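Undergrad: 3D model of this:
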Amino acid sequence: MAKKAVQIVTRSTHRRKIMQNITIVNASKEDGASYPLICKDLCRKNAFTLVELLVVIAIIGMLIALLLPAVQAAREAARKMQCTNKLKQIGLAIHTFHDSMQGLPPSTVGYKTATTSPTHHPRASFWVLILPYMEQMAYYDTVKTKTNDFEDVMNNPNFWNPLTQPEKDMLSSWGHFQCPSRRGKSSLAMNQTENHANNQGGMYGPQGDFAFVQGRNAANWAGWMGNYNYDEQNVDDVARHRGPFRAARWQGSTARTWTPRDNMGHWSDGASNQIVVGEKHVHTQVLGQCGNPDQALGRFGVTDCSMLITGDWNTPAATRSFHGYFARSADHGTVPGPYGGEDNAEQPHWGSAHSSVVNFLIGDGAVRSISVTVPAGPLYVSDGEFDKGTAPSQSIIARLGHVSDGDSVSIP
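TA: Purely as a prediction, here's the structure:
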């Protein structure tokens, strides 16, 4: 016990000395006296040297440089998956429409030229007609009501301009046809610098990143568009349309009587060998805008207009031809470019915001990513404006888009 008591006293005395030394070190030195730094080792604070700090910063920077591309790649993979899922939903809507309506969704309720004004009659597109089968009845009902059951022509003066602002806001809020790799949110095709007073100009409205497949046996851009001068009474004109979706058939003299024209038997090459919807190219120069085709940019300027209608100049906003080429980058093509060629930005291209691939919906509901290096372009080397050519090309996409070319092609 005596030994333990001595230890306690010794420790207590040692503490008092330490505290006294600390007090001495921290005392005011106004008198200039020199005090012994007895607790030098006890009071010293540990810190990094400048060299050590720079090494740590360099290591952290290297780790960030290594991890950032991986993070960005993971985010893009997630965005691409969202695009794929949206295409699958579109595929489900097409099949549900077919089961319900006993036919395929038409490319448009109706479009044809007339000798009286207005001479161009664009109406509701494929994208409007599948909305009820994607649980989007509010959008569908708005368009149907505002167009008198799809009878009225859809353009800026007749349809878009008279809408109230809440109605425009509602229609512009859809995101089911947009890919987050290109657009982070729903967007509206507007360009305040132009006044689209003509009937055939690009229409304002909701934008999208997908296009349904169209095309016919033609060489020039107009024939490729699919709905150009569509005439119900012209049997030859109807037969020229060889894409998976064709304009509706009218049971009477008005668009109110529309019914599907074709069922899946129209895809005579087989649903698993048929591309029906794909991602479309939108040049960075016109992304988010809706230009007037009468201006210098021509057809190039309407590729990001409203998807609500199909017909005439606005058609590139909603569809692509199976004759179309692939865009290799976001700014692929020039205006003006070689007529009908791969580098002409006026020729509507397939393309995406993903790296080197474009997603396509197959007729059986599957979605495939196809490399932009796969041969694309016209199906035939045409010998006439509207006649099928005699020399087949190497275009894989055209063969997959044409419903009855008879060629057996494996999807890459």
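Undergrad: tell me, how many neighbours does the nearest residue to Gln251 once chain neighbours are set aside end up with?
TA: Spatial nearest neighbour of Gln251, chain neighbours left out: Thr257 (4.0 Å); criterion: C-beta to C-beta, 6 or more residues apart in numbering. Just so you know, the C-beta spots here come from the backbone N, C-alpha and C atoms, and that holds for glycine as well. Look at Thr257: counted by other C-beta atoms under 10 Å, it has 15 neighbours.
Undergrad: do the same with Arg328
TA: With other C-beta under 10 Å as criterion, Arg328 counts 16.
Undergrad: Same question for Ile64.
TA: So Ile64, with other C-beta under 10 Å, has 10 neighbours.
Undergrad: swap in Arg320?
TA: Neighbour tally, Arg320, other C-beta under 10 Å: 31.
Undergrad: Where does the prediction get shaky in this protein?
TA: 1-47, 111-121, 185-202, 217-238, 292-299, 312-313, 334-341, 345-346, 380-393 (pLDDT under 70).
Undergrad: mind listing the helices for it?
TA: Applying DSSP state H to the chain gives helices spanning 2-26, 40-43, 50-101, 126-129, 137-146, 165-171, 221-224, 235-240, 396-401.
Undergrad: which ones are touching Glu151?
TA: Contacts of Glu151 were listed using C-beta atoms under 8 Å, 6 or more residues apart in numbering, and they are Thr254, Ala255, Arg256.
Undergrad: again, only this time at 10 Å
TA: Glu151 sits next to Val109, Gly110, Arg123, Lys144, Thr254, Ala255, Arg256, Thr257, Trp258 when contact means C-beta atoms under 10 Å, 6 or more residues apart in numbering.
Undergrad: Please tell me how far the spatially closest residue to Arg182 that is not a sequence neighbour sits from Ser321.
TA: Leaving out its chain neighbours, the residue that sits closest to Arg182 by C-beta to C-beta, 6+ apart is Ala353, at 3.9 Å. Separation of Ala353 from Ser321 (C-beta to C-beta, to the nearest Å): 21 Å.
Undergrad: more neighbours, the two?
TA: Applying other C-beta under 10 Å to Ala353 and Ser321 shows that Ser321 carries more neighbours, namely 29 against 20.
Undergrad: what is the more buried one paired to in the beta sheet?
TA: When bridges are called by DSSP bridges, Ser321 pairs up with Gln214.
Undergrad: That one touches Gly401, doesn't it?
TA: Yes - at 7.7 Å, Ser321 counts as touching Gly401 under the criterion of C-beta atoms under 10 Å.
Undergrad: which residues are in contact with both of the two?
TA: Common neighbours of Ser321 and Gly401 (C-beta under 10 Å, 6+ apart) are Val213, Gln214, Gly215, Gly243, Trp350, Leu379.
Undergrad: So which of those is the closest to Thr373?
TA: Minimum distance to Thr373 across the shared contacts of Ser321 and Gly401 is 12.6 Å, recorded for Trp350 (C-beta to C-beta).
Undergrad: So in terms of bridging, what pairs with that closest one?
TA: Legend: beta-bridge partners of Trp350 under DSSP bridges are Lys280, Phe326.
Undergrad: Number of residues surrounding it?
TA: For Trp350, using other C-beta under 10 Å, the count is 25.
Undergrad: again, but for Tyr204
TA: Neighbour tally, Tyr204, other C-beta under 10 Å: 24.
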